[in-house]
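Undergrad: Predicted coordinates and the sequence they were generated for:
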Amino acid sequence: MTIYLDNNATTMIASEVREAMMPFLRQEYFNPSSMYESAKPVRNAVETARQQIAQHLGAQPSELLFTSCATESINAAIFGAVRANPRRKHIITTAVEHPAVLEVCKEIQREGFDVSFIGVDRQGNINLGEFVRELRNDTLLVAVMHANNETGVIFPIDRLARIVKETNPEILFFCDATQTVTKLPIKMNGNFRHVDMLAFSGHKFHAPKGVGGLIIRRGTPCRTFMIGGHQESGRRGGTENVPYIVAMAKAIELAAETHNEDTRRIERLRNKLEMSIIQSIPNVEINGAGAERMPNTLNVAVHYIEGEGILYQLADTHLAGTPGICASSGSACTSGSLEPSHVLTAMDVPFTAKHGSVRFSLSRYTTKEEIDAVIERFPQIVAQLRRLSPYWNQETNQPRGTTLT
Ligand code: PLP
């Protein structure tokens, strides 16, 4: 048995979504590009899915390309924009983007472009002054995420994109909305009207892994990234993943039906967990608490212990009947050393806390009983690990006051 609180990493496939895609894994297996009659319903299913998803996002169906994941959409958008506008040599992004954006920008930097990585404040809010100052005559593209996957902090995309377009309408604005599609309002003809390109991924909202989307507003100069096929009007070659495209449309339809109710319930559960952790554990802080945040995300910084230690203990099921709790930490284990999260580093989270961060991310399937189980287990685990920590004074239940470097 598992309590799954890692929904920013991926989500469970909804049963309705699984059912919707089954015919396309069985009898409706035809290639949507084939000319015979049997392929027609398959072709129609792809185009219906395109219409539904585009409509949900306030875009035209012809502006939506199906891809394999958000990482592909991001690569296609950024490399496509750079290749279409090779004379402009400057890109703006933020220091807290997902690696899919950061690594692409660093690659483009190695190819001779200038990249400005805009910083954030202690709460994770974008440094607006720095953002405005970095806009230049030769800026080609601005790439900013909608909400941060680690902290849930939401960036004011409508405001940033408007500033960019008022400065110079030729600068392209790309938004990585992987954590927000189906969770926050996004309308390419409304609040996102100044955004040119938008990336997302089905597995973040109860569709399968292996399908994503990229909206490229009509008229946006963006060179084709995946060549070799006429599919997607020649803008993304390769036979369409029909079952998963149908699944992604169904997942969007489901989310739209229950959005308000789900959001309120998820936020109540997240707040309950957050309050309980703050009240029951000394020396913890909530990363991003002072910023506007995703209602499903809770990033807790526990001073003086390692996040990985907490995760192992949470996942432990050694007591019969104890469910493992799946969460995630900000750190990534690279080249034998534990590197702290680049997001928490950019937020200037102190050394004693940025190694001890744990992210809980909820979904519409998270129950009150599951949150209650975490409320019971989490403080016990922290107390147990602190007993082993040389930096923690057992008698005072406070840090020893050691200065760490
Ligand atoms: N961007 C953000 C903000 C993400 O959270 C993720 C995945 O965690 C990605 C991009 C990459 O998504 P995918 O796994 O679909 O490539």
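TA: Thanks, I have it. Numbering: from 1, shown residues only.
Undergrad: how about the residues of this structure near the ligand?
TA: Taking Cβ under 6 Å from any ligand atom as the contact definition, the chain meets the ligand at Cys69, Ala70, Thr71, His98, Ala100, Met145, Asn149, Asp176, Thr178, Gln179, Ser201, Gly212. All C-beta atoms are positioned from the backbone trio N, CA, C, and that covers glycine.
Undergrad: Kindly recompute the last result at 8 Å.
TA: Within the chain, the positions near the ligand by Cβ under 8 Å from any ligand atom are 8-10, 69-74, 97-98, 100-101, 145, 147-149, 176, 178-179, 199, 201-204, 209, 212.
Undergrad: Among these, name the ones in helices.
TA: Among these, the members found in helices (DSSP state H) are Ala70, Thr71, Glu72, Ser73, Ile74, Ala100, Val101.
Undergrad: Of those residues, which qualify as buried by neighbour count?
TA: Taking 16 or more other Cβ atoms under 10 Å as the criterion, what is buried in these is Ala70, Thr71, Glu72, Ser73, Ile74, Ala100, Val101.
Undergrad: what residues are up against the nearest residue to Asp176 once chain neighbours are set aside?
TA: Counting by Cβ to Cβ, 6 or more residues apart in numbering, Asp176 lies nearest to Met145, which is 4.3 Å off, once chain neighbours are set aside. For Met145, the contacting residues are Thr94, Val96, Glu97, His98, Val101, Phe155, Cys175, Asp176, Ala177, Thr178, Gln179, by Cβ atoms under 8 Å, 6 or more residues apart in numbering.
Undergrad: tally of neighbours for the residue lying closest to the last one once chain neighbours are set aside?
TA: The one in question is Gln179. Excluding its sequence neighbours, the residue lying closest to Gln179 (Cβ to Cβ, 6+ apart) is Ala147, at 4.5 Å. By other Cβ atoms under 10 Å, 24 other residues sit near Ala147.
Undergrad: pretty sure Ala147 contacts Cys175?
TA: No: look at Ala147 against Cys175 with Cβ atoms under 8 Å: they stay out of range, at 10.3 Å.
Undergrad: All the strands of the stretch 101-250 of the chain, residue numbers only.
TA: Counting by DSSP state E, counting those that start in this stretch, the stretch 101-250 of the chain has strands at residues 114-118, 139-145, 172-176, 197-201, 212-216.
Undergrad: Keeping just the C-alphas, turn the second one into CSV.
TA: Read that as strand 139-145. Taking Å, rounded to 0.1, in the frame of the first residue of the first chain, the C-alpha atoms of strand 139-145 are listed here in CSV:
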residue,chain,number,x,y,z
THR,A,139,16.6,39.8,-27.3
LEU,A,140,15.1,37.0,-29.3
LEU,A,141,13.2,35.0,-26.7
VAL,A,142,12.0,35.0,-23.1
ALA,A,143,11.4,31.6,-21.5
VAL,A,144,9.6,31.6,-18.2
MET,A,145,7.8,28.8,-16.4
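Undergrad: Rounded mean pLDDT for it, please.
TA: What strand 139-145 shows for mean pLDDT is 98.
Undergrad: I'd like the distance from it to the chain centre, please.
TA: Its chain's C-alpha centre and that of strand 139-145 lie 17 Å apart, by Cα atoms, centre = their mean, to the nearest Å.
Undergrad: for the first one, same thing?
TA: Relative to the chain's own centre, strand 114-118 is displaced by 21 Å; criterion: Cα atoms, centre = their mean.
Undergrad: Now it: average pLDDT?
TA: 98.
Undergrad: Show me what that strand is packed against.
TA: strand 90-94, helix 99-110, helix 128-134 (3 or more Cβ pairs under 8 Å, 6 or more residues apart in numbering; DSSP states H and E).
Undergrad: Single out the most deeply packed of these.
TA: Most buried of these, by mean neighbour count (mean count of other Cβ atoms under 10 Å): strand 90-94, with a mean of 24.
Undergrad: Just to check, Ser116 is in contact with His90?
TA: Yes: judged on Cβ under 8 Å, Ser116 makes contact with His90 at a distance of 7.2 Å.
Undergrad: that older thread, got a list of what the residue nearest to Gln179 touches?
TA: Taking Cβ under 8 Å, 6+ apart as the test, what Ala147 contacts is Val153, Ile154, Phe155, Gln179, Thr180, Lys183, Leu184, Arg293, Met294, Thr297.
Undergrad: which of the residues you listed lies closest to Asn85?
TA: Phe155 (23.6 Å; Cβ to Cβ).
Undergrad: can you count the residues close to that closest one?
TA: By other Cβ under 10 Å, neighbour count at Phe155 equals 23.
Undergrad: What's the separation between it and Phe131?
TA: Taking Cβ to Cβ, to the nearest Å as the measure, Phe155 falls 10 Å from Phe131.
Undergrad: got any ranges where the protein has weak pLDDT?
TA: Low-confidence segments of the chain (pLDDT under 70): 318-320, 330-338, 401-405.
Undergrad: got the contact list for the most centrally placed residue in it?
TA: Residue closest to the mean C-alpha point of the chain, counted by Cα atoms, centre = their mean, is Gln179 at 3.3 Å. Shown in contact with Gln179 (Cβ under 8 Å, 6+ apart): Asn8, Met145, His146, Ala147, Asn148, Asn149, Gly152, Lys204, Met294.
Undergrad: May I ask which of these has the most neighbours?
TA: Neighbour max across these (other Cβ under 10 Å) = Asn148, 29 neighbours.
Undergrad: Isn't that one up against Asn125?
TA: No: the criterion here is Cβ under 8 Å, and Asn148 misses it with Asn125 at 10.5 Å.
Undergrad: Quick one: residues contacting the residue lying closest to Arg162 once chain neighbours are set aside.
TA: Leaving aside its chain neighbours, Arg162 sits nearest to His194 (5.2 Å; criterion: Cβ to Cβ, 6+ apart). Contacts for His194 (Cβ under 8 Å, 6+ apart) come out as Asp158, Ala161, Arg162, Val164, Lys165, Phe173.
Undergrad: ok, now Ala315?
TA: Gly324, Ile325, Cys326.
Undergrad: make it 6 Å
TA: Contact analysis of Ala315 by Cβ atoms under 6 Å, 6 or more residues apart in numbering lists Gly324.
Undergrad: same check, this time on Asn137
TA: Contacts of Asn137 (Cβ under 6 Å, 6+ apart): none.
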